[in-house]
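J.: just the structure for this:
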Amino acid sequence: MSAPDQGRAAVLSRVRAALVVSGAEGTRAAAVEDRLRRHPRGTIPARALQSPEACIELLEAMLASQGAKVTRATTPEDAVRAVAWALRAHDLPLCFRMGTDPVLGTLPWDAAPELERRFGAAEAEDRAALSRAVAAAAETGTLFLISGADNPTTLSFLPEAHTILIRSSDIVGCYEEAFDLLRALFGAGTLPRTVNMISGPSRTADIEQTIVRGAHGPKHLHVVIVG
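T.: Numbering: from 1, shown residues only. Take a look at the predicted model:
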């Protein structure tokens, strides 16, 4: 058993001891299995129960309220030009890091030939990155990014500017629907190692209630909605 597994086992052992259970109780196991099978819904706010176009508009508004810039791209060519615009808007070099996401890879990059693409996990000198969100929940303006070579997690945290592309068809009203999309992609009970949920650029007010951007992630977030 690896060290992380040993640590987890020790924590769970202490929890079971405090609850005076062994972890093998049939009733408790059956309740867990039933919940995992049914995926019961929580309370869904009324604002999430809207038409697809209304959900897109809500996502835009929620992201903007949290400091993100949002661009609607009618065509893939527009999406590429939006990536270039995002870099120019912050006086950044026309160079960014991205993964091997097939949706991003098939964009018509010749629509902005001045862009330089670099591939792989983020490196210390990278100032900008591009990722794709596989889903978005309009109720809070939250983008769902999955870990892996297609969209390395470091792209969401290291560079100062992060552009995230999402297809309009992947925007839903609530979190429950977003997780339905994840299960449709990976299968029930199988998820990627990490799902990062992003609702705006990095900011904190921990010190004297003064807003500071870029404290633990990108200080600029630009979301491109395609379609």
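J.: quick one, strands of the protein?
T.: 69-73, 95-98, 116-119, 128-132, 135-137, 142-146, 161-167, 171-172, 195-198, 203-204, 212-213, 220-226 (DSSP state E).
J.: and those strands, which one's lowest on average pLDDT?
T.: Lowest mean pLDDT of those: strand 212-213, a mean of 57.
J.: of all the strands of the chain, which lies closest to Pro4?
T.: Smallest distance to Pro4 across the strands of the chain (Cβ to Cβ): 18.9 Å, for strand 195-198. (Glycine included, C-beta is placed from N, CA and C.)
J.: any chance you could list what contacts the closest one?
T.: Residues outside strand 195-198 that contact it (Cβ atoms under 8 Å, 6 or more residues apart in numbering): 133, 142-147, 153, 156, 164, 182, 221.
J.: which segments of this structure make up each domain?
T.: 3-38, 46-226 (automatic domain parsing).
J.: and the helices in this protein?
T.: Ranges of helices in the chain, per DSSP state H, are 3-19, 26-38, 52-65, 76-89, 102-105, 175-186.
J.: quick check: angle from the third one to strand 69-73?
T.: Comparing the axes of helix 52-65 and strand 69-73 via axes from the mean of the first three to the mean of the last three Cα atoms, to 10 degrees yields an angle of 150 degrees.
J.: so how far is stretch 91-100 off the chain centroid?
T.: Relative to the centre of its chain, stretch 91-100 is centred 18 Å away, using Cα atoms, centre = their mean, to the nearest Å.
J.: sort out which residues of that stretch are buried, please.
T.: 92, 96-99 (16 or more other Cβ atoms under 10 Å).
J.: contact partners for the closest residue to Ala84 other than its chain neighbours?
T.: Distances taken as Cβ to Cβ, 6 or more residues apart in numbering place Ala112 nearest to Ala84, at 4.2 Å, with adjacent residues excluded. Neighbouring residues of Ala112 by Cβ under 8 Å, 6+ apart: 80-81, 83-84.
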